[in-house]
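**Q** dropping a prediction and its sequence here:
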Amino acid sequence: MAKVAFIGLGVMGFPMAGHLREKGGHDVTVYNRTAAKAEEWVKTYGGTSAPTPAEAARDADFVFTCVGYDDDLRSVTIGETGALAGMTAGAVLIDNTTASAEVARELYEAARAKDVDFIDAPVSGGQAGAENGVLTVMCGGDQPVFDRAKPVIDAYARMVGLMGPVGAGQLTKMINQICIAGLVQGLAEGIHFGKQAGLDIEKVVEVISKGAAGSWQMENRHKTMNQEKYDFGFAVDWMRKDLGIVLAEARRNGAKLPVTALVDQFYGDVQSMGGNRWDTSSLLARLQK
Ligand SMILES: NC(=O)c1ccc[n+]([C@@H]2O[C@H](COP(=O)([O-])OP(=O)(O)OC[C@H]3O[C@@H](n4cnc5c(N)ncnc54)[C@H](OP(=O)(O)O)[C@@H]3O)[C@@H](O)[C@H]2O)c1
């Protein structure tokens, strides 16, 4: 049993912190900007809450963060009352936010200046993956630190991999999002075409999902896409944040991402339709309108 802090109890963080307590059996202290959610977490799982990230992180062996954008992450880690202010030498800061590789390197340096270790550890698997404790975790950092952190991360994960030095976790998550963007647009176009052709989409998917066109998105999203239901899942706003990070990194490393750039603009159209919180499968909505 380790002493653990978890900062950011959103859709993802709330159940992830829960698994650290229930499955991992750790002594968990939580912090959330909106205190009511921290109170709700303590009521649900036990453990304790603290009024600042620094206080939550005090004397913790492992500190997890899962917030929104790069600057949110900076504020809960290197800010005045950020986690690093409460952490002591030998502790590990593990960031589950989907953020840039640059901020990961920045936090690694800030942590090392205090003899604290850092792992970037973005996740894939969505809300359901977080709730069921079966996330895929893509890590960047030093091998001995990863070896210490992995058994703790295992509480909310099905697959945990060290992808390379600090930032490599975020770079891997970028590849994940590149692969999803083009695929979901293809799926949206397929379903749109099928509807125009007057075919039974359920029947079509039942057959083609067993062949070379099958995918997680097809399996898990075709039903709701067919019903044009999008009020759940991974929000378009988050996807645009992620694709923004991807396209900025591609400008730096010279990768050509024409389809990803196009799909990013399509998600911009979905936002203009009011779909900011719609699931990413809502690319179909702009074809159906
Ligand atoms: N949702 C998914 O399916 C999914 C899947 C994979 C990865 N992710 C990534 O995981 C991260 C979290 O996603 P989520 O869906 O859990 O988001 P969310 O439900 O919107 O929760 C965001 C959390 O971050 C906190 N936060 C944001 N800005 C903050 C700040 N400046 N200071 C302190 N706390 C701050 C929020 O606090 P309040 O409660 O006070 O607002 C909340 O606890 C994002 O980077 C997202 O891209 C999400």
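**A** Here it is on my side, so go on. Not measured: the values here are computed from a predicted model.

**Q** which residues in the stretch 101-250 of the chain form strands?
**A** 117-120, 123-124, 135-139, 157-162 (DSSP state E, counting those that start in this stretch).

**Q** by contact count, what packs against the last one?
**A** Strand 157-162 makes packing contacts with strand 135-139, helix 143-153 when contacts are defined by 3 or more C-beta pairs under 8 Å, 6 or more residues apart in numbering; DSSP states H and E. In short, each C-beta sits where N, CA and C put it, glycine included.

**Q** the same query, at a cut-off of 10 Å, please.
**A** strand 123-124, helix 126-132, strand 135-139, helix 143-153, helix 168-196 (3 or more C-beta pairs under 10 Å, 6 or more residues apart in numbering; DSSP states H and E).

**Q** helix or strand with the lowest mean pLDDT in the chain?
**A** helix 126-132 (a mean of 94; mean pLDDT, DSSP states H and E).

**Q** between the strands of the stretch 101-250 of the chain, which one is nearest to Ala181?
**A** Closest of those to Ala181 is strand 123-124, at 13.5 Å (criterion: C-beta to C-beta).

**Q** show me what that closest one is packed against.
**A** strand 135-139, strand 157-162, helix 168-196.

**Q** packed most tightly, which of these would that be?
**A** Highest mean neighbour count among those (mean count of other C-beta atoms under 10 Å): strand 135-139, with a mean of 24.

**Q** quick check: angle from that one to strand 157-162?
**A** Per axes from the mean of the first three to the mean of the last three C-alpha atoms, to 10 degrees, the angle that strand 135-139 makes with strand 157-162 is 10 degrees.

**Q** what are the pairing partners of strand 135-139, and which direction each?
**A** Within its sheet, strand 135-139 is paired with strand 123-124 (antiparallel), strand 157-162 (parallel), according to DSSP bridges.

**Q** pLDDT wise, what is Gly233 at?
**A** We note a pLDDT of 89 for Gly233 in this prediction.

**Q** when you give positions from now on, start the count at 28
**A** From this message on, residue numbering opens at 28, which makes the last subject Gly260.

**Q** any idea how far the ligand is from it?
**A** 7 Å (C-beta to the nearest ligand atom, to the nearest Å).

**Q** pretty sure that residue is touching Arg248, no?
**A** Yes. Here Gly260 reaches Arg248: they are 8.0 Å apart, a contact under C-beta atoms under 10 Å.

**Q** only the C-alpha atoms, please, for stretch 143-160, written as CSV.
**A** C-alpha atoms of stretch 143-160 as CSV (Å, rounded to 0.1, in the frame of the first residue of the first chain):
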residue,chain,number,x,y,z
VAL,A,143,11.1,14.2,-7.7
ASP,A,144,10.6,11.8,-10.6
PHE,A,145,8.1,12.3,-13.5
ILE,A,146,6.2,10.1,-15.9
ASP,A,147,3.9,11.3,-18.6
ALA,A,148,1.1,8.8,-18.8
PRO,A,149,-1.8,9.8,-21.0
VAL,A,150,-4.6,7.2,-21.3
SER,A,151,-6.9,5.8,-24.0
GLY,A,152,-10.1,3.9,-23.4
GLY,A,153,-12.6,6.7,-22.6
GLN,A,154,-15.0,7.0,-19.8
ALA,A,155,-16.0,3.3,-19.9
GLY,A,156,-12.3,2.3,-19.8
ALA,A,157,-11.8,4.5,-16.7
GLU,A,158,-14.9,3.3,-15.0
ASN,A,159,-14.0,-0.4,-15.6
GLY,A,160,-10.3,0.1,-14.8
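
**Q** picking up where we left off before, make TSV out of the strands paired with strand 162-166 and add mean pLDDT.
**A** Shown next, in TSV, are the strands paired with strand 162-166 (pLDDT from 0 to 100):
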stretch	mean pLDDT
strand 150-151	97
strand 184-189	98
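
**Q** quick one: neighbours of the residue in the stretch 28-177 of the chain positioned nearest to the ligand, just the number.
**A** Minimum separation of the stretch 28-177 of the chain from the ligand (C-beta to the nearest ligand atom) falls at Gly37, amounting to 1.9 Å. As a burial measure, Gly37 scores 18 neighbours (other C-beta atoms under 10 Å).
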